[in-house]
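Peer 1: With the sequence up front, the predicted model follows.
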Amino acid sequence: MVEKTLTAMKVAQSTTEMREMDLPEISADAALLKVEVAGVCGTDVSQYRLPLRAGPMIMGHENVGYLTSVGKTFAERKGVKEGDLVFLEHYLPCGNCEWDHLGEYRHCAATDWFYNPEAIRYGYTSIDIAPSLWGGFSQYLYLAPNAVLHKVPDGVTPEEAGTGTPMANGVQWALFEGGVGYASTVLIQGPGQQGLSCVMASKHAGADCIIITGTSKDAKRLEVAKAFGADFVIDVDDEDPIERIMEITGGRGVDVALDCTVGATGSPTIMAIEAAKRRGATLVVQGEDSEIASFPIGRLTRKYITMKSARGHSYRAVELGLRQIASHRFPLELMTTHRFGLTEVDHAIKSVSGQGAPGAIHVSVMPWM
């Protein structure tokens, strides 16, 4: 058994260094993951730019790999064995609260680093917390007793499974939060990996009309959206999105609006309120709009609009996301655009932000490449 692992470690704001680290001793209730793919998320872009909250850290929270050094108790509890290909959720829940019993680990205080300074979560935790290997930008990753795993379905490659996080978000936001189903008219704002996953989830669920918006720089992504089932694409730099949406829907508006934008000019939420149908639409907001000085609460209530927050995903959303990947219904190769090794993590993250390799959508870090 190897005793060292190579890592790409964030050591300062927007700064990565290659470091070799010792592998930990694995107890009966723990395991190691040999990381095959670590996806780069839009959250990684924003977190990479921030100063360190604590000590250096290994980023990477969208992780897929093969189990190795599996403790006996861990194997029995999880129903896994050495050599299994698994998708690892980034949440590390307490296992005792009401949210965890519902499979809603994202809401567990033990792993909620937004509000709990002691929280532990894969891809966001300092190496000062033993045993240090808390991120996927590494050849090996430590699996704690409370790690949440999903077996990757047969016939799905590690790289395909690496889209599991955005795919799960698409299922969660479009289907569970937005209620998209047969005959739905859906507006998806933003054609990044999250927005494209919402397109696939909506199409799979039977939506009648899927509209997606982007900017002129998103031309390639909008073409991918069409391949995934979007019925109409709108370049907001070239045409008024509200006028076009009303033209498409015959003045009725949309049933569901999903905000998958990052740093958009203006307010996607205000636009969605205007694009919503006259009565009973649902808005799902995952972005963090700047504060709106004059929010049209009257317009929201008169239209009987329900507004929900989209934040992460549930256990079931991951299971359904992996099943959707396994269906091979959609040409995922159009979204999985770039692959980088550990020495290129800085470039990989910047590519997702639009400052590195051109045309990046879903970027994979492959530690053994």
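Peer 2: Nice, thanks for sending it over.

Peer 1: What is the neighbour count of Asp112?
Peer 2: The burial count assigned to Asp112 is 17, neighbours taken as other CB atoms under 10 Å. C-beta coordinates here come from the backbone N, C-alpha and C atoms, glycine included.

Peer 1: ok, and the closest non-adjacent residue to it?
Peer 2: Using CB to CB, 6 or more residues apart in numbering and skipping residues adjacent in sequence, the residue nearest Asp112 is Ala119, 5.4 Å away.

Peer 1: now Glu36
Peer 2: Nearest residue to Glu36 in three dimensions, chain neighbours excluded: Pro158, at 3.9 Å (CB to CB, 6+ apart).

Peer 1: Return the residues in contact with the one you found.
Peer 2: By CB atoms under 8 Å, 6 or more residues apart in numbering, the contact set of Pro158 is 36-37, 64-65, 85, 152.

Peer 1: let's see 7 Å
Peer 2: 36-37, 64, 85 (CB atoms under 7 Å, 6 or more residues apart in numbering).

Peer 1: Ala272 belongs to a helix?
Peer 2: Yes: counting by DSSP: H, G, I helix; E, B strand; the rest coil, Ala272 is part of a helix.

Peer 1: That one touches Asp259, doesn't it?
Peer 2: Yes: counting by CB atoms under 7 Å, Ala272 does reach Asp259; the two are 6.5 Å apart.

Peer 1: got any residues that touch both of the two?
Peer 2: In contact with both Ala272 and Asp259: Gln189, using CB under 7 Å, 6+ apart.

Peer 1: mind checking which helix or strand Thr5 is in?
Peer 2: strand 4-12 (DSSP states H and E).

Peer 1: thought Ser138 was touching Glu36?
Peer 2: No: with contacts counted by CB under 7 Å, Ser138 stays clear of Glu36, the gap being 11.8 Å.

Peer 1: The two - which one has more neighbours?
Peer 2: Ser138 (28 against 23).

Peer 1: Now for that one: which residues touch it?
Peer 2: By CB under 7 Å, 6+ apart, Ser138 lies in contact with 5, 7, 35, 58, 367.

Peer 1: Include pLDDT and distance to Thr343 when you put those residues into CSV, please.
Peer 2: Below are the contacts of Ser138 laid out as CSV (pLDDT from 0 to 100; distance: CB to CB, whole Å):
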residue, pLDDT, distance to Thr343
Thr5, 97, 14
Thr7, 98, 11
Val35, 98, 15
Ile58, 98, 14
Pro367, 97, 10
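
Peer 1: Highest neighbour count among those?
Peer 2: Within these, Thr7 tops the neighbour count with 30 neighbours, counted by other CB under 10 Å.

Peer 1: which residue sits closest to that residue, ignoring its sequence neighbours?
Peer 2: Spatial nearest neighbour of Thr7, excluding adjacent residues (CB to CB, 6+ apart): Ser138 at 4.0 Å.

Peer 1: And the helices in the stretch 101-250 of the chain?
Peer 2: Along the stretch 101-250 of the chain, the segments classed as helices by DSSP state H, counting those that start in this stretch run 158-161, 164-170, 193-205, 219-227, 241-248.

Peer 1: Relative to Ser351, which of those is closest?
Peer 2: helix 193-205 (12.2 Å; CB to CB).

Peer 1: in that closest one, what counts as buried?
Peer 2: Across helix 193-205, burial judged by 16 or more other CB atoms under 10 Å covers 193-205.

Peer 1: how many other residues sit next to Glu98?
Peer 2: With other CB under 10 Å as criterion, Glu98 counts 9.

Peer 1: same thing with the one 5 residues further on?
Peer 2: A count of nearby residues for Gly103, using other CB under 10 Å, gives 16.

Peer 1: who touches the nearest residue to it once chain neighbours are set aside in this structure?
Peer 2: Residue nearest to Gly103 in three dimensions, not counting chain neighbours: Tyr315, with 3.5 Å by CB to CB, 6+ apart. Applying CB under 7 Å, 6+ apart, we find Tyr315 in contact with 103, 105, 148.

Peer 1: surely the second one meets Cys94?
Peer 2: If I follow you right, that is Tyr105. No: Tyr105 is beyond contact range of Cys94, at 9.2 Å (criterion: CB under 7 Å).

Peer 1: ok, the residue minimising distance to the centre of the chain - contacts?
Peer 2: In the chain, the residue lying closest to the centroid (CA atoms, centre = their mean) is Pro166, at 3.6 Å. Residues near Pro166 by CB under 7 Å, 6+ apart: 193-194, 197, 362.

Peer 1: so what's the residue nearest to Ile248 when sequence neighbours are not counted bridging to?
Peer 2: In space, and not counting its chain neighbours, Ile248 is closest to Phe232: 5.4 Å by CB to CB, 6+ apart. Note on Phe232: beta-bridge partners by DSSP bridges are Ile211.

Peer 1: re the thing from before, only the buried residues of the strand holding Thr5, if you could.
Peer 2: For strand 4-12, by 16+ other CB under 10 Å, it's 5-10.

Peer 1: Format those residues as JSON lines; extra columns: distance to Leu342.
Peer 2: Formatted as JSON lines, the buried residues of strand 4-12 follow (distance: CB to CB, whole Å):
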{"residue": "Thr5", "distance to Leu342": "10"}
{"residue": "Leu6", "distance to Leu342": "6"}
{"residue": "Thr7", "distance to Leu342": "7"}
{"residue": "Ala8", "distance to Leu342": "5"}
{"residue": "Met9", "distance to Leu342": "10"}
{"residue": "Lys10", "distance to Leu342": "13"}
